[in-house]
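Asks: coords please:
(chains A, B, C, D and E)
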Amino acid sequence: MIDPAIFFDPLALGIVGAGTLLATAARGPWRDTVRAFRALPLLWRKPFDFAPARAELAGAERIATAKSLLAIDSQLLRDPDVAEGVQAVLDGDAPDDVEALLDRLREARLDRHAVVQDWWAAAAETAPALGMVGTLIGLVQLFRVMDDPAAIGGAMAVALLATLYGALIANLLAAPIAARLRRLSRAEEIERRALVRPFRAFAARELPRHRREAA
Amino acid sequence: MIDPAIFFDPLALGIVGAGTLLATAARGPWRDTVRAFRALPLLWRKPFDFAPARAELAGAERIATAKSLLAIDSQLLRDPDVAEGVQAVLDGDAPDDVEALLDRLREARLDRHAVVQDWWAAAAETAPALGMVGTLIGLVQLFRVMDDPAAIGGAMAVALLATLYGALIANLLAAPIAARLRRLSRAEEIERRALVRPFRAFAARELPRHRREAA
Amino acid sequence: MIDPAIFFDPLALGIVGAGTLLATAARGPWRDTVRAFRALPLLWRKPFDFAPARAELAGAERIATAKSLLAIDSQLLRDPDVAEGVQAVLDGDAPDDVEALLDRLREARLDRHAVVQDWWAAAAETAPALGMVGTLIGLVQLFRVMDDPAAIGGAMAVALLATLYGALIANLLAAPIAARLRRLSRAEEIERRALVRPFRAFAARELPRHRREAA
Amino acid sequence: MIDPAIFFDPLALGIVGAGTLLATAARGPWRDTVRAFRALPLLWRKPFDFAPARAELAGAERIATAKSLLAIDSQLLRDPDVAEGVQAVLDGDAPDDVEALLDRLREARLDRHAVVQDWWAAAAETAPALGMVGTLIGLVQLFRVMDDPAAIGGAMAVALLATLYGALIANLLAAPIAARLRRLSRAEEIERRALVRPFRAFAARELPRHRREAA
Amino acid sequence: MIDPAIFFDPLALGIVGAGTLLATAARGPWRDTVRAFRALPLLWRKPFDFAPARAELAGAERIATAKSLLAIDSQLLRDPDVAEGVQAVLDGDAPDDVEALLDRLREARLDRHAVVQDWWAAAAETAPALGMVGTLIGLVQLFRVMDDPAAIGGAMAVALLATLYGALIANLLAAPIAARLRRLSRAEEIERRALVRPFRAFAARELPRHRREAA
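Replies: Okay, the predicted model is just below:
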């Protein structure tokens, strides 16, 4: 059997890993890199679900009908878009204004998501190049010290490991992460877009009452 | 003659095949991968044909003319779009609403198809990289155990097989599947678009009768 | 001098040629492949020329002025678009309808052309990969049977020929064909667009006469 | 010191140079290739300058004011767009028509420029592939006649020169030419767009006088 | 330990560095290359901040309210867009004209930024090719003078360094610079767009007073 340890070389892994991280982080402010890693837990969480957000909105509507708009505390709502939207209804915004607010919130979210997806896509592009860099560093060393022919095989193996790491980081890590985050972001966008209609209806129902109370 | 068995190496095939599957599946929810394989029988089936769908619609129209709209059982219609469209006419929808419904159905179908095409296109991109991964794994082993010069040739052959498998999976399997599915999807879209006009006519003819009956 | 025969290897050519053909044909219905080869004579023919089509239209107009619209036999017109357009004028279509018809015909032609251009572009993308496949097949054989060192040079040469064939097919054959067909198609589109204005004028002139005769 | 002559091999240069020329020329009518080379002197000439064209127009306006429109000989104007535009004003075109004429002239110029830029971009894409073709031809020869080990080094060097030539032609010649022509074309477009406003003013001023004279 | 000096070869670095610079500079006027390097300090400076520009505008508004519009010296304003915008208000431009002016200034800035980003993106594309050129030059030399087998290792190491330099310049220098500049430019665009609204309000407030004073 093959010893798996022969596929591990800390120096090669360091060059490829740190190099990819550095080259990708240098493409934007440090904040982007932090966000790129903070987004990783999303991969294992369930995708955004319309139902709870819709339920929160429905709850807010029930309270509004039963008591009065002022009884809703938008601070208690967990979904940020629902919270902001309900607050806008509380403030007596017209349906068109509430829709524009939700559109703006969704667009800003898409922009934030795109930064993170671009980070991982850039990492997927950079990793193979850094893998080649690692291999070239190994080969230069190898050719410079070609005294002991017996050692060449091992040195060559180490050099090739860098290319291997680059290919693995790009194809099994960074590219799937970028693609998956893009898919989650699109799914959330579509789900959230479906919130516009019930919000418009809510705002349209509350607007006259709000005006009455304000008068 | 060449022995074809020399082109078969289960380990190399396993690395490239399983690696490509894994890397592609990781790009989205597991559901996408299931759909990507469920779509394969479509490749051998005949492309979507406008005629049967048109015939179903014509049949529904005949029944509507002869008896009444309520005599049509939209459940019996095989084409899902025709079924939903006829149901909408049964419900007394205006031509514009029926057209909007058909547009929505076609758009949702295009989106579902795009997910599957993207899966296979991603597999076609990933397979050569995984082929290189397999070859590198083989080469590292080779250089580590370069004791027996006689064995090098065979080990090198096995290493190269991984690259070969990656190129074959990408170019003879995944890329043609993705391209063919895209072509089928576009053809179906164009054919289905031609259903809008007869449906509008049907809805326009039934609308007054529906209103009369409802009155 | 070099013997040109050393650059010919039927097996390598077979793998690359047949592989490229197969992989490209598998991307769509068989009909596309037939069309891709049927389009080849266009490359040597002169590009579409506006003048004869315009002359045919002018001839039809002269007959219409001298005798009557019914004296024109649209079957005798060689250009298919002119024939359909003149037939539409014969049928008393308004200028807007004739223009819409010509637009539809031009768009359908562009779609048909795009299928053929895409075929050759796909072949240009696939050929180098199949060249690599042929080379890998050669190398695997070579390493498996590395008994006779004297034979290695020749076997390696044959293996490299596959890559050579792939590069030649892609760069000297498929890519130029795809680019040239695209260029011809665009030129025809621009020339044909110039037919719209004289057709509109023809239809505008004939419409009242047609109505008089019909009355 | 290194003898620069070792980097020159007429056969390799011939294969790469002639191959790239042939493969690129085959992408369109021969006329495109002629134009691609005729455009080269533009690279050393100064970019299009708005000032002389504006001065010509101003001169034409002065003559028009002092004497009469008919005193301007549009044939003497050197800038083709100014000449056609002044001729249109002479013919009594309305400002909107003059603007449409200038737009058409600019668009046609952009199209002509794009053909030439595409030629050089295609050459930049093709040259590295032809470089590989030359190297493969060299390697096949090399492996076929591997009798004299001493000659291998030199033959290998010649083979590599083809790849070198391909990379140089693509990156130091064709790609910069394509990019530079695109940049010049865009700059000219922006400068020429600024001619529209003074031309409109000129046409608006001359139109009533023209009508008076015509009356 | 490895001697870091083995990774430094002035000739290889010269070929790759100067070649990349030359090939990239040749893509446009020399002015673009100067701007590309002049933009580098921006990378370490803080990104454009809306607050100071907004503060400058607010200061100008205060002076306008307290004394009169003529008391503002737009020359003293540091932000060029605020200065031009305030000058336009001083000149009594309507809100729509001030907005159009700000839009034009922002668009011209985006165009200037794009030239610099494209320069670095082109350098990132060119550097690996020039790295290959350097390696090929090294290899050709190597094969030509393959007399002393002991020297081959060192010569090969030098040849590989060129590829290494090309990969490093592209992935750790040029590509991150291009990406970072693009990101900064987009951020500035979004921040600056937020200046439009307060400027419109300022112009709307000053317009009547300006008219009064002018009267």
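
Asks: sec struct for A:Gly28, please.
Replies: coil (DSSP: H, G, I helix; E, B strand; the rest coil).

Asks: Next to chain E, which bits of chain A? Give me the list.
Replies: A:19, A:22-23, A:26-29, A:32, A:122, A:126, A:129-130, A:132-133, A:136-137, A:139-144, A:146 (Cβ under 8 Å from any Cβ of the partner chain). Using the backbone N, CA and C atoms, a C-beta is placed for each residue, glycine as well.

Asks: 10 Å instead?
Replies: Applying the criterion Cβ under 10 Å from any Cβ of the partner chain, the portion of chain A that neighbours chain E consists of A:11, A:19-20, A:22-29, A:32, A:111, A:115, A:118, A:122, A:125-147, A:152.

Asks: In helices, which of the residues you listed fall?
Replies: Within the residues of chain A next to chain E, residues falling in helices by DSSP state H are A:11, A:19-20, A:22-25, A:32, A:111, A:115, A:118, A:122, A:125-144, A:152.

Asks: Within reach of chain B, which of those residues are there?
Replies: Counting by Cβ under 10 Å from any Cβ, the members of these near chain B are A:128, A:131, A:135, A:152.

Asks: And the strands in chain A, which stretches?
Replies: With DSSP state E, there are no strands along chain A.

Asks: which ones are touching A:Asp3?
Replies: With contacts defined as Cβ atoms under 10 Å, 6 or more residues apart in numbering or on different chains, the neighbours of A:Asp3 are B:141, B:144-145.

Asks: can you check A:Leu184 too?
Replies: A:39, A:42-43, A:45-48, A:113, A:117, B:28-29.

Asks: Now with 8 Å, please.
Replies: Shown here is A:Leu184, whose contacts under the criterion Cβ atoms under 8 Å, 6 or more residues apart in numbering or on different chains are A:42-43, A:47-48.

Asks: any idea of the pLDDT on it?
Replies: At A:Leu184 the predicted local confidence, pLDDT, stands at 91.

Asks: picking that back up, let me have the contacts of A:Leu184 in JSON lines, extended by neighbour count and pLDDT.
Replies: Compiled in JSON lines, the contacts of A:Leu184 are given as follows (neighbours: other Cβ atoms under 10 Å in any protein chain shown; pLDDT from 0 to 100):
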{"residue": "A:Leu42", "neighbour count": "18", "pLDDT": "86"}
{"residue": "A:Leu43", "neighbour count": "12", "pLDDT": "86"}
{"residue": "A:Pro47", "neighbour count": "13", "pLDDT": "75"}
{"residue": "A:Phe48", "neighbour count": "18", "pLDDT": "78"}
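
Asks: wait, which of those is closest to chain D?
Replies: Of all the contacts of A:Leu184, the one sitting nearest chain D is A:Leu43; the distance, using Cβ to the nearest Cβ, is 37.4 Å.

Asks: List the residues that contact that closest one.
Replies: Going by Cβ under 8 Å, 6+ apart, the list of residues near A:Leu43 reads A:177, A:180-181, A:184.

Asks: how about 6 Å then?
Replies: A:Leu43 makes contacts with A:Arg180, as judged by Cβ atoms under 6 Å, 6 or more residues apart in numbering or on different chains.

Asks: before we move on, back to that, widest-spaced pair of the contacts of A:Leu184?
Replies: Longest distance between any two of the contacts of A:Leu184 is 13.0 Å, between A:Leu43 and A:Phe48; criterion Cβ to Cβ.

Asks: Near A:Glu189, how many other residues are there?
Replies: Neighbours of A:Glu189 under the rule other Cβ atoms under 10 Å in any protein chain shown: 15.

Asks: Touching stretch A:192-199 from outside, list them.
Replies: Among residues not part of stretch A:192-199, those counted as contacts by Cβ under 6 Å, 6+ apart are A:50, A:57, A:85, A:98-99, A:102, A:106.

Asks: what do you get if the cut-off is 7 Å, keeping everything else the same?
Replies: The contact list for stretch A:192-199 (Cβ atoms under 7 Å, 6 or more residues apart in numbering or on different chains) reads A:50, A:53-54, A:57, A:81, A:85, A:98-99, A:102, A:106.

Asks: Check pLDDT for the residues you listed and point me to the minimum.
Replies: When the contacts of stretch A:192-199 are compared by pLDDT, A:Phe50 scores lowest at 78.

Asks: Quick check: it vs chain C, distance?
Replies: Computed with Cβ to the nearest Cβ, to the nearest Å, the distance linking A:Phe50 and chain C is 37 Å.

Asks: Am I right that A:Ala129 is in contact with E:Gly166?
Replies: No. Between A:Ala129 and E:Gly166 there is no contact under Cβ atoms under 7 Å: 9.8 Å.

Asks: The contacts of A:Asp3: which ones sit near chain A?
Replies: Counting by Cβ under 7 Å from any Cβ of the partner chain, the subset of those that neighbours chain A consists of B:141, B:144.

Asks: Pull out the buried members of the contacts of A:Asp3.
Replies: Among the contacts of A:Asp3, those classed as buried by neighbour count (16 or more other Cβ atoms under 10 Å in any protein chain shown) are B:141, B:144-145.

Asks: any chance of those in TSV, plus pLDDT?
Replies: Formatted as TSV, the buried ones among the contacts of A:Asp3 follow (pLDDT from 0 to 100):
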residue	pLDDT
B:Gln141	86
B:Arg144	79
B:Val145	71
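
Asks: Including distance to C:Pro198, could these go into JSON lines?
Replies: Below are the buried ones among the contacts of A:Asp3 laid out as JSON lines (distance: Cβ to Cβ, whole Å):
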{"residue": "B:Gln141", "distance to C:Pro198": "74"}
{"residue": "B:Arg144", "distance to C:Pro198": "77"}
{"residue": "B:Val145", "distance to C:Pro198": "79"}
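
Asks: how many other residues sit next to the nearest residue to A:Gly28 once chain neighbours are set aside?
Replies: Leaving aside its sequence neighbours, A:Gly28 sits nearest to E:Arg183 (Cβ to Cβ, 6 or more residues apart in numbering or on different chains; 4.6 Å). Burial of E:Arg183 is recorded as 18 neighbouring residues (other Cβ under 10 Å).
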